[in-house]
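**Student:** no sequence on hand, only this structure:
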Ligand code: SF4
Ligand code: SF4
């Protein structure tokens with residue numbers, strides 16, 4: 001186990017070239033553990049360079065824009081006024097990279113992002129968006145999606161365009177980008193200047209990663225977006241290929257990496273209490289989340305690190321972390337290596353609340369169930385035996401919290417195991433198995449037979 005969780009300090013330093021980080025190339029995730037209120041520095045953001053683009057190390061992920069409370073029976077709307085205020089603050093503090101997709105926020109993210117950015121000169125920021133043709137991968141449907149992005153974002157060029165979420169299977173890649181001629185079309189669009197940089201985001205299996213990367217000689221990928229964090233470095237977790245492998249393969253070919261999910265869907269900010277105390281003791285002035293951001297931002301071949309910031313305090317905290325970046329030291333890496341080892345003792349489910357598995361045709365609220373379970377694990381409220389010291393308290397917290405977080409009809413007991421949700425999960429979570437396991441646990445808790 002220890003070998004599996006090793007960050008391998010020397011390996012990390014060698015592969016990532018932290019020492020040269022300043023010159024090379026140059027999630028509404030809850031943050032229960034974070035309470036940092038220090039001043040937010042202005043004008044000190046760290047930047048990385050690619051082909052003349054000077055990109056802020058902190059990139060804005062636009063998949064979690066704030067929403068207004070919905071009236072009964074209606075869908076919630078994006079709170080554009082607050083989005084504008086967040087964008088204003090971000091730009092004022094040096095952020096210039098904004099990453100969206102046609103599928104984010106039920107299709108409204110590009111529109112809201114376009115409205116907010118349109119108030120600034122077009123050459124003062126970079127837009128990234130994606131071909132998210134998961135549902136309709138026909139040529140017509142894909143073309144329509146591509147064209148609509150320009151309309152919604154109110155622009156006549158896209159700075160960074162991605163084939164969205166490659167990696168589920170070779171067939172999926174073939175169907176979405178090759179058979180319909182979309183990849184050839186996008187390469188032509190790059191030649192015409194309507195796309196300035198072409199790349200892809202990766203979630204899935206290594207075979208597909210290797211195959212698509214091997215096309216680099218022919219296609220020239222300008223960048224690739226991957227997950228990288230101190231839990232996945234050096235070994236694979238369910239649903240994630242070893243980040244060390246991904247990063248090294250990109251670096252070998254001189255392809256810059258853009259980092260998504262630096263907090264692993266909030267799991268590295270909302271950590272178990274014991275881990276939070278450990279991080280705070282090491283650096284009382286910094287937030288729990290800042291460790292994960294420093295880890296993701298330190299490697300020299302990282303162009304930008306995306307964070308989906310719904311709340312101003314998260315935006316401020318991340319700006320603090322990268323204004324400027326304090327690259328990780330040897331001591332920090334040793335410390336994170338041991339932190340990762342301890343984290344692996346907590347068996348959370350790698351759900352990042354992306355909701356791609358929703359809606360379930362049987363009404364199950366999949367992410368709410370998994371997140372409640374993870375929360376209880378993190379807070380030490382998952383008893384394995386009625387002999388546990390805090391059994392009564394933990395049992396009560398789990399059951400009461402479960403009914404509060406998930407309406408009864410949407411709980412795991414109603415999952416019929418049809419498996420329709422499984423192919424949609426980028427984390428490759430075995431959703432029905434996990435739901436049934438949680439349901440069995442709930443039943444045992446209710447009957448007091450643990
Ligand atoms: S396996 Fe369960 S959660 Fe998934 S779609 Fe079917 S009923 Fe819903
Ligand atoms: S189960 Fe998978 S698809 Fe569903 S919210 Fe979690 S990570 Fe996303």
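**Tutor:** Happy to help now that I have it. Please read these numbers as outputs of a predicted model, since none were measured by experiment. Ligands and ions are numbered 1, 2, ... in the order given.
**Student:** can you tell me the closest non-neighbouring residue to the most centrally placed residue in the chain?
**Tutor:** Centroid-nearest residue in the chain: residue 261, 2.4 Å away (criterion: C-alpha atoms, centre = their mean). In space, and not counting its chain neighbours, residue 261 is closest to residue 227: 4.6 Å by C-beta to C-beta, 6 or more residues apart in numbering. In this view, the C-beta of every residue, glycine as well, is placed from N, C-alpha and C.
**Student:** please apply the same query to residue 448.
**Tutor:** Residue 448 sits nearest to residue 386 (C-beta to C-beta, 6+ apart), 6.8 Å away.
**Student:** my read is that residue 162 contacts residue 200, right?
**Tutor:** Yes: with contacts counted by C-beta atoms under 8 Å, residue 162 reaches residue 200, the gap being 5.4 Å.
**Student:** what is in contact with the two at once?
**Tutor:** Common neighbours of residue 162 and residue 200 (criterion: C-beta atoms under 8 Å, 6 or more residues apart in numbering): residue 225.
**Student:** what residues does this structure put near ligand 2?
**Tutor:** Selection of the chain residues close to ligand 2 by C-beta under 6 Å from any ligand atom yields 351-357, 366-367, 370, 424-425, 427, 429, 431.
**Student:** take these and keep only those in helices.
**Tutor:** Secondary structure from DSSP state H places 366, 367, 370, 431 of the residues of the chain next to ligand 2 in helices.
**Student:** could you check how many residues crowd around the residue lying closest to the second one once chain neighbours are set aside?
**Tutor:** I take that to be residue 367. Nearest residue to residue 367, sequence neighbours excluded (C-beta to C-beta, 6+ apart): residue 353, at 4.9 Å. For residue 353, the neighbour count with other C-beta atoms under 10 Å is 18.
**Student:** what's the pLDDT at residue 353?
**Tutor:** With respect to pLDDT, residue 353 has a value of 87.
**Student:** okay, now the residue in the stretch 51-200 of the chain positioned nearest to ligand 2: neighbour count?
**Tutor:** Relative to ligand 2, the nearest point of the stretch 51-200 of the chain is residue 165 (10.9 Å; C-beta to the nearest ligand atom). Each residue near residue 165 was counted by other C-beta under 10 Å, and the total is 23.
**Student:** correct me, but it touches residue 177?
**Tutor:** No: using C-beta under 8 Å, residue 165 makes no contact with residue 177, being 11.5 Å away.
**Student:** what comes up buried for stretch 391-399?
**Tutor:** Of the residues in stretch 391-399, 391, 394, 395, 397, 398 count as buried by neighbour count, 16 or more other C-beta atoms under 10 Å.
**Student:** could you dump those residues to JSON lines with pLDDT, secondary structure and distance to residue 65?
**Tutor:** As requested, those are exported to JSON lines (pLDDT from 0 to 100; DSSP: H, G, I helix; E, B strand; the rest coil; distance: C-beta to C-beta, whole Å):
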{"residue": "391", "pLDDT": "84", "secondary structure": "helix", "distance to residue 65": "41"}
{"residue": "394", "pLDDT": "89", "secondary structure": "helix", "distance to residue 65": "35"}
{"residue": "395", "pLDDT": "92", "secondary structure": "helix", "distance to residue 65": "38"}
{"residue": "397", "pLDDT": "92", "secondary structure": "helix", "distance to residue 65": "32"}
{"residue": "398", "pLDDT": "94", "secondary structure": "helix", "distance to residue 65": "32"}
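**Student:** right, I'll leave it there.
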